[in-house]
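[1] Quick check, what structure comes out for this input:
(chains A and B)
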Amino acid sequence: KQEVTQIPAALSVPEGENLVLNCSFTDSAIYNLQWFRQDPGKGLTSLLLIQSSQREQTSGRLNASLDKSSGRSTLYIAASQPGDSATYLCAVNTSGSRLTFGEGTQLTVNP
Amino acid sequence: KAGVTQTPRYLIKTRGQQVTLSCSPISGHRSVSWYQQTPGQGLQFLFEYFSETQRNKGNFPGRFSGRQFSNSRSEMNVSTLELGDSALYLCASIPRLEGRAGANVLTFGAGSRLTVL
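    Just a heads-up that it's a prediction; the model follows:
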C-alpha cells in the first residue's frame, strides 16, 4: 500500500527566506508526482507535476525534484512571500486519476 | 475556459439523511474523480469515472456511490449520513485517463463542504 509522508508538518519563516518542503513515498512504481497548494477552506491548486521519467520541474520561484528510486521529492520555494502562506500537499499517482496524498505542510511566511 | 464547478458549496444535513453532490468538469474533459478531505484522515480517493463508467473505487462503504452522465457531469451520493461523513468533498477533472506513459493532470474544484449534525 502506497504511503506518502511530508516533513515538516508546519513551518514558519520570515519573508524572503528560501525553504524546502519534503515528501517521501513508499512505492516507487508511480506515474507522476504532483505538488498542490491549498488555502484555508478552499480546493486544491496544482503547482507542479513531475512525470516518473523526469527529475525536476520549475515554475517561477518554485522548483520540484523527484528521486523515484529513493522515494523522495522536494519542493523548493525561493524568496518566500506572505502570499505563499498555505498548506502544501504532495501526491503520487499510481493508477488512473487515483492520487495518494501526504498530510501536508502548513507554511506561514511572516512579513 | 471555465473551471471545475461543484455544487452546492456548503450544506448541512442531519444523521440518517442522504446527500447528493454535483460536479461539472472542464469542458472537453471526460474523466472525473472524487476525494474526501477530513482533518483526521486527510485526502482520500473515493472513485473515478470515465465515459460514464466507474473505473476505480477507494476504500469507502457502499453508502458512498456516484455516477457520471453522458455530458461528463458527475454526481456522488452519500446515504444514511453519519457524523464522520462531515468533510470537504473535492471533485477533480481530468482530460481522459492515461495509461502508464501518460500524465493525468487533475484540476480540482473548490469543493462541497458537508456538515452532518
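
[2] How about the one helix or strand residue B:77 maps to and chain A, any contact?
    Element membership for residue B:77 (DSSP states H and E) is strand B:74-78. No. Applying Cβ under 8 Å from any Cβ of the partner chain, one finds strand B:74-78 separated from chain A by no less than 11.9 Å. C-beta coordinates here come from the backbone N, C-alpha and C atoms, glycine included.

[3] neighbouring strands for that strand, and are they parallel or not?
    strand B:19-24 (antiparallel), strand B:64-68 (antiparallel) (DSSP bridges).

[4] now these in JSON lines, with distance to residue B:112 and mean pLDDT?
    What follows is the strands paired with strand B:74-78, written out as JSON lines (distance: least, Cβ to Cβ, whole Å; pLDDT from 0 to 100):
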{"stretch": "strand B:19-24", "distance to residue B:112": "5", "mean pLDDT": "98"}
{"stretch": "strand B:64-68", "distance to residue B:112": "13", "mean pLDDT": "97"}
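
[5] Could you dump those into JSON lines and include mean neighbour count and distance to residue A:67?
    Formatted as JSON lines, the strands paired with strand B:74-78 follow (neighbours: other Cβ atoms under 10 Å in any protein chain shown; distance: least, Cβ to Cβ, whole Å):
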{"stretch": "strand B:19-24", "mean neighbour count": "19", "distance to residue A:67": "34"}
{"stretch": "strand B:64-68", "mean neighbour count": "19", "distance to residue A:67": "35"}
